[in-house]
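K.L.:
Predicted model, plus sequence, below.
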Amino acid sequence: MSKVCTLTGKRSMKGNHVSHSNRKTIRHFQPNLLKKRLYVPEEDVWIEVKLAASTLRTINKKGISAVLKEAKDKGFIKF
């Protein structure tokens, strides 16, 4: 199971651990993913999605319909 937000496409990033001696080793920054059930009132259905916490805040701000429409336009979801 990949660590990708289904609505925004947010993925893990790579960066460096930098030690006191300034040596650099690769590390990964993982998104804060949550599995949530959301109700879509326009279609009268419950959907289960894997979201980043920042996406959940965006849903609270814009509404589920607007976020689903943006995700569909960007090609992250197909239905």
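P.N.:
Happy to help now that I have it. Predicted model, so just to flag it, every value in this text is computed and none were measured.
K.L.:
in the sheet, who's paired with the residue nearest to residue 45 when sequence neighbours are not counted?
P.N.:
Closest residue to residue 45 apart from its sequence neighbours, by CB to CB, 6 or more residues apart in numbering: residue 39 at 7.7 Å. The way it works is simple: take the backbone N, C-alpha and C, and place the C-beta from them, glycine included. With DSSP bridges as the criterion, residue 39 is bridged to residue 46.
K.L.:
check contacts around residue 11.
P.N.:
Applying CB atoms under 8 Å, 6 or more residues apart in numbering, we find residue 11 in contact with 3-5, 31.
K.L.:
Buried among the residues you listed? Need that as a selection in ChimeraX.
P.N.:
What follows is the ChimeraX syntax for the buried subset of the contacts of residue 11, where burial is set by 16 or more other CB atoms under 10 Å:
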select :5,31
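K.L.:
Return the member of the contacts of residue 11 nearest to residue 72.
P.N.:
residue 5 (14.6 Å; CB to CB).
K.L.:
Return the backbone torsion pair for the residue nearest to that closest one when sequence neighbours are not counted.
P.N.:
Nearest-residue entry for residue 5: residue 52, 4.2 Å, with adjacent residues in sequence omitted and distances by CB to CB, 6+ apart. Note on residue 52: its backbone torsions stand at phi -80, psi 150 [degrees, to the nearest 10].
K.L.:
which stretches of the chain form helices?
P.N.:
Using DSSP state H, the helices found in the chain span residues 53-62, 64-74.
K.L.:
what would the ones you listed look like in JSON lines with mean pLDDT, mean neighbour count and distance to residue 26?
P.N.:
Below are the helices of the chain laid out as JSON lines (pLDDT from 0 to 100; neighbours: other CB atoms under 10 Å; distance: least, CB to CB, whole Å):
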{"stretch": "helix 53-62", "mean pLDDT": "95", "mean neighbour count": "15", "distance to residue 26": "24"}
{"stretch": "helix 64-74", "mean pLDDT": "93", "mean neighbour count": "15", "distance to residue 26": "29"}
